[in-house]
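Asker: take a look and give me a structure for this.
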Amino acid sequence: FEPGPSIEGLGRTVTNVVAGAPEEYARRADLFRTLDRTYVRALLDGFREAKRANKSFDWDNVLDVALWVVEQPVDLADVDESQAHYDADPSWRWARKALANLISSGFHGEGKFPFAERERLWAVIEKLSDDPNPTMEHEAKYGGANMDPYTLAINTVRPQAIDAAIQYAFWVRRNIVGEREGNDRPVAGFSCAPEAARLIEQHLLPERDRSQAVRAAIGHWLATLVWFDSSWVRENWEGLFPERPDLLSLAQATWGAHVQYGRLFTSTFELAPMYRAALLHPSGDDKKDKRSPDNRLAEHILTFYWWGMIKLEEPDNLVALLFHAGTAPQRQHAIQYVGWSLMRTDEAIPADVLERLQELWDWRFPALAAAAKASDAATRKAAVEELEEFGYWFASKKLDVLWAVARFDAVVEITGGTERGHAALEYLAEIAEQMPLAAATTLVKFNLTAGKDPWRFHLWKEPAMEIMRRALNSTESGASSMAELLINRWTANVSPEY
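Answerer: Numbering: from 1, shown residues only. The predicted structure is shown next:
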């Protein structure tokens, strides 16, 4: 049986063809009004793909089609997708979603909207912002354990329209500020686009919109909104973060999208009270997932510390609160995150930042060393796992060598191994050229029969043997005898090759 052509398959072809020649199809966009709505959606998807590829086209006819699409009948309830005809779009929702995505993509990059289209763009956004998708029933069915509010937001119409409204406000301000170049007086964000502010405020009213996905769409931009117009954020704080028990899920959706998917600026530190509250009320998600809410919260706080916005000597600072009140996985991730950041930073890191990070470890280490000796097994395990993350710090090669070697040695003495063990030993082998005794002394402390995955030692032959060779051939007092001890231990416990 050979399946014949399908509407859906032809729609994919339309998207690809339009994406390849957007200018030609922009001129003919009006012709699609006579076709099935599946092809209208495919046309809009094609323009979005072209925009993502930085291809330019004339927006005039495209916006005519957009204005026509938003006037098409909207389903008042969700389509029962189990009964829908999958070969064609069962309602205009799919085209409206494609349109919202296209509008959001058109505010930046090559071929962005001309500012003269402000009025028509806003008319499209305003219409889309009233779309019933997602309904409360839709969120109950597809949200919750199935997907978080922000993931639901990027897959539904109304939240994407709110996203477009926020980006519209940024776009308007960029155009107005550009036109007033040389004016020393700053232009406040939403004063340039009051229509956008009013629309977002309307959707912050629980009697108007109780969608968690809509709140997540706003929360995703929270840090940028603080930078853009902090006075607006302050004035709408109660709407963004309602305290009524029956509205708590809305506040959590806003905050969760910011923490998990939003950006950070120095101005974001104005949200410090929310960070404090979040630390005191963890999500309880202990998954070792970089984007889990608790882990991302830890990353934000350590980033503020990296930037010098948090001082350890200040009472009740956020870093201290993180390590005192945070969950064990969260604390471990915080230490790991600093190490990752050190390793992934290619440019030179300023000396004051490195000094600040060293101060952080020296502040944290005594508590971990004590916890590693606790009578409670869970406390010991959590402390050892957090200590082992220092391997990332050491392997980064960014920190003062004498400081790093001394702290790495102290960690291995407690843990018998670290994360990033191979990279750490490679760096230790480099250091052995100038500090053979120190390198060999640390290597002796690696637990060859237990500790952190002892099988890994078979993969670390080259750096380990290099440390032994350099110590054995060194004239530094005690280095050669330490090398002999190492050779005997590794031969007995790892491989006769040593």
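
Asker: now do stretch 244-252: distance to the chain's middle.
Answerer: Distance, stretch centre to chain centre, for stretch 244-252: 23 Å (C-alpha atoms, centre = their mean, to the nearest Å).

Asker: run through the stretch 1-150 of the chain and note the low-pLDDT ranges.
Answerer: 1-4, 75-86 (pLDDT under 70).

Asker: can you give me the helices in it?
Answerer: For the stretch 1-150 of the chain, applying DSSP state H, counting those that start in this stretch gives helices covering 7-20, 22-27, 37-52, 60-69, 93-105, 118-128, 136-142, 149-153.

Asker: quick one: mean pLDDT over the longest helix anywhere in the chain.
Answerer: Taking DSSP state H as the criterion, the chain has its longest helix at helix 157-179. What helix 157-179 shows for mean pLDDT is 92.

Asker: how far away from the center of its chain is that helix?
Answerer: 22 Å.

Asker: what residues sit buried inside that helix?
Answerer: Buried residues in helix 157-179, counting neighbours by 16 or more other C-beta atoms under 10 Å, are found at 157-173, 175. Using the backbone N, CA and C atoms, a C-beta is placed for each residue, glycine as well.

Asker: next helix or strand past it?
Answerer: Next along the chain after helix 157-179, taking DSSP states H and E as the criterion, comes helix 194-203.

Asker: that next one packs against which elements?
Answerer: If you count contacts as 3 or more C-beta pairs under 8 Å, 6 or more residues apart in numbering; DSSP states H and E, helix 194-203 packs onto helix 118-128, helix 157-179, helix 212-219.

Asker: return the distance of stretch 152-166 from the chain's centre.
Answerer: Going by C-alpha atoms, centre = their mean, where stretch 152-166 is centred and where its chain is centred differ by 18 Å.

Asker: output that stretch as CSV, restricted to C-alpha atoms.
Answerer: Extracted in CSV, the C-alpha atoms of stretch 152-166 (Å, rounded to 0.1, in the frame of the first residue of the first chain):
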residue,chain,number,x,y,z
LEU,A,152,3.2,24.9,28.0
ALA,A,153,3.5,28.7,27.3
ILE,A,154,5.7,28.2,24.2
ASN,A,155,3.2,25.6,22.9
THR,A,156,0.0,27.7,23.2
VAL,A,157,-1.4,30.8,21.6
ARG,A,158,-2.3,33.4,24.3
PRO,A,159,1.0,33.1,26.2
GLN,A,160,2.9,33.5,22.9
ALA,A,161,0.9,36.6,22.2
ILE,A,162,1.9,38.0,25.6
ASP,A,163,5.5,37.1,24.8
ALA,A,164,5.1,39.1,21.6
ALA,A,165,3.6,42.1,23.5
ILE,A,166,6.6,42.2,25.7
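
Asker: how many other residues sit next to residue 121?
Answerer: Applying other C-beta atoms under 10 Å, we find 24 other residues in the vicinity of residue 121.

Asker: ok so, going back, among the helices of the stretch 1-150 of the chain, which comes closest to residue 210?
Answerer: helix 136-142 (6.8 Å; C-beta to C-beta).
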